[in-house]
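[1] No sequence on hand, only this structure:
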């Protein structure tokens, strides 16, 4: 399996052989679902908290006497059936939403997602996205060139984030040049995960030779 590599001008700069263990595995919906839901659960802060009838303020005095009023008997105005009373079976901050995801599961789920993206023609390889100066206009010009070459119109025209751009290493000039483009979301390759990849229609990978070697080492 081979893929085309483009440069910033939108012309072909070469090809690269893709490892089948990363870009040629079958789609495993069950594994991807398990990993993605686990990652989403791990992001939950668990700060939602309610008070039961023993924690809310007031309610120490019996609202009215037990008999003779013609009304239903009540022992406290902090009962869950009263306005301002406690909450029955509400969320508690002590609940732990953390789920364990092994490195192997995370890697295999990522490979499954990358393989599907590759099969659907939604991955683009660029030899380098390094910039000589921090200018958004320069970044937009690069995206327009790549859009014409690859046919991925959202690279240049979308007003919503539809392209996940994976930089191989940190570059302040590159980050500043691309971060204000509404169609892009910048991540670093070492942090690439199935949850982020699935959120966006296209994936842009910089420095494919080193990037693919790193991805392959994760498996």
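    In hand now; what should we look at? From a predicted model like this one, the values you see are computed outputs, not experimental measurements.
[2] The residue most central in space within the chain: helix or strand, and which one exactly?
    Computing the C-alpha centroid of the chain and ranking residues by CA atoms, centre = their mean puts residue 196 first, at 3.4 Å. Using DSSP states H and E, residue 196 sits in helix 194-199.
[3] hmm, back to that, tell me which residues touch the residue nearest to the centre of the chain, please.
    Counting by CB atoms under 8 Å, 6 or more residues apart in numbering, residue 196 touches 164, 185, 187. Every residue, glycine included, has its C-beta placed from N, CA and C.
[4] Same list (these) but as CSV, adding pLDDT, secondary structure and neighbour count.
    Compiled in CSV, the contacts of residue 196 are given as follows (pLDDT from 0 to 100; DSSP: H, G, I helix; E, B strand; the rest coil; neighbours: other CB atoms under 10 Å):
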residue, pLDDT, secondary structure, neighbour count
164, 94, strand, 22
185, 93, strand, 18
187, 93, strand, 16
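[5] Same question for stretch 188-197: list its buried residues.
    Along stretch 188-197, these residues count as buried under the neighbour rule (16 or more other CB atoms under 10 Å): 189, 192, 193, 194, 195, 196, 197.
[6] quick one: contacts for the residue at the greatest distance from the centre of the chain?
    For the chain, the C-alpha lying farthest from the average C-alpha position belongs to residue 68; by CA atoms, centre = their mean, that distance is 62.2 Å. Residue 68 makes no contacts at all, as judged by CB under 8 Å, 6+ apart.
[7] List the buried residues of the biggest helix by length in the chain.
    Determined from DSSP state H, the single longest helix within the chain is helix 103-119. Within helix 103-119, the residues that qualify as buried by neighbour count (16+ other CB under 10 Å) are 105-118.
[8] Quick one: end-to-end length of stretch 94-103, please.
    27 Å (CA to CA, to the nearest Å).
[9] Domain parsing of the protein, as residue ranges.
    2-44+98-218, 46-96 (automatic domain parsing).
[10] which of those domains is buried the deepest?
    Highest mean neighbour count among the domains of the chain (mean count of other CB atoms under 10 Å): domain 2-44+98-218, with a mean of 17.
[11] follow-up on the earlier one: quick one: residues in contact with the longest helix of the chain.
    Residues contacting helix 103-119 (CB under 8 Å, 6+ apart): 1, 3, 18, 21-28, 31-32, 34-36, 123, 192-194, 197-198, 203, 215, 218-219.
[12] again with stretch 128-147
    Here stretch 128-147 has contacts from 6-10, 124, 126, 152-157, 165, 167, 171-174, 176-178, 180-181, 183-184, 204, 206-207, using CB under 8 Å, 6+ apart.
[13] just the strands in the protein please.
    2-6, 12-17, 123-126, 163-167, 184-188, 202-206 (DSSP state E).
[14] Compute the inter-axis angle for the last one and strand 163-167.
    With axes from the mean of the first three to the mean of the last three CA atoms, to 10 degrees defining the directions, strand 202-206 sits at 20 degrees from strand 163-167.
[15] How far away from the center of its chain is strand 202-206?
    Chain-centre distance of strand 202-206: 15 Å, with CA atoms, centre = their mean, to the nearest Å.
[16] ditto for the first one
    The gap between the average C-alpha position of strand 2-6 and the chain average comes to 26 Å, counting by CA atoms, centre = their mean.
[17] No further questions, thank you.
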